[in-house]
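Here is a sequence together with a model predicted from it:
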Amino acid sequence: MFKKSKNSIDVGDKFVKTDDPSTIWIVAGNGSPVASIPHYQVVRQDYASRVRTLSQQVLLDTDYYRRVE
């Protein structure tokens, strides 16, 4: 089985903020196609109407977010 690249983000991937590891954010789709850096829409796992648009750069920066299984 292939291991997922740490630089790729797909719909369904889960992340937590480093300062709030109890709240899980799930990638729901792509964000703005206009920006030069890819962006993604994330929804809060326990509160689906809470949506954020975050850049790939921020989601992959371990100072801000950490990927969870």
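Cool, got the structure. Residues are numbered from 1 along each chain as shown.

Report the strands that pair with the longest strand along the chain, each with its relative direction.
Assignment by DSSP state E gives strand 20-30 as the longest strand of the chain. Under the criterion DSSP bridges, strand 20-30 sits next to strand 14-17 (antiparallel), strand 39-44 (antiparallel) in its sheet.

Output the ones you listed in CSV; the columns should cover mean neighbour count and mean pLDDT.
C-beta coordinates here come from the backbone N, C-alpha and C atoms, glycine included. CSV is the format used below for the strands paired with strand 20-30 (neighbours: other C-beta atoms under 10 Å; pLDDT from 0 to 100):
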stretch, mean neighbour count, mean pLDDT
strand 14-17, 16, 98
strand 39-44, 19, 96
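
Tell me which of these sits nearest to residue 62.
Closest approach to residue 62 among the strands paired with strand 20-30 (C-beta to C-beta): strand 14-17, 10.4 Å.

Contacts for the closest one, please.
The contact list for strand 14-17, computed with C-beta atoms under 8 Å, 6 or more residues apart in numbering, reads 22-27, 42, 45, 59, 64-69.

Can you tell me which of those residues is nearest residue 52?
Once C-beta to C-beta is applied, the member of the contacts of strand 14-17 that ends up nearest residue 52 is residue 42, at 5.2 Å.

How about the closest one: what's its closest non-neighbour residue?
Setting aside the residues directly before and after it, residue 42 is nearest to residue 25 in space (C-beta to C-beta, 6 or more residues apart in numbering), at 4.2 Å.

do residue 49 as well
residue 43 (8.0 Å).

my read: that neighbour touches residue 23, true?
No - look at residue 43 against residue 23 with C-beta atoms under 8 Å: they stay out of range, at 11.2 Å.

relative to strand 20-30, how tilted is the host helix or strand of residue 48?
For residue 48, the host element (DSSP states H and E) is strand 47-55. Computed with axes from the mean of the first three to the mean of the last three C-alpha atoms, to 10 degrees, the direction of strand 47-55 lies at 80 degrees from that of strand 20-30.

Sweet, I'm off.
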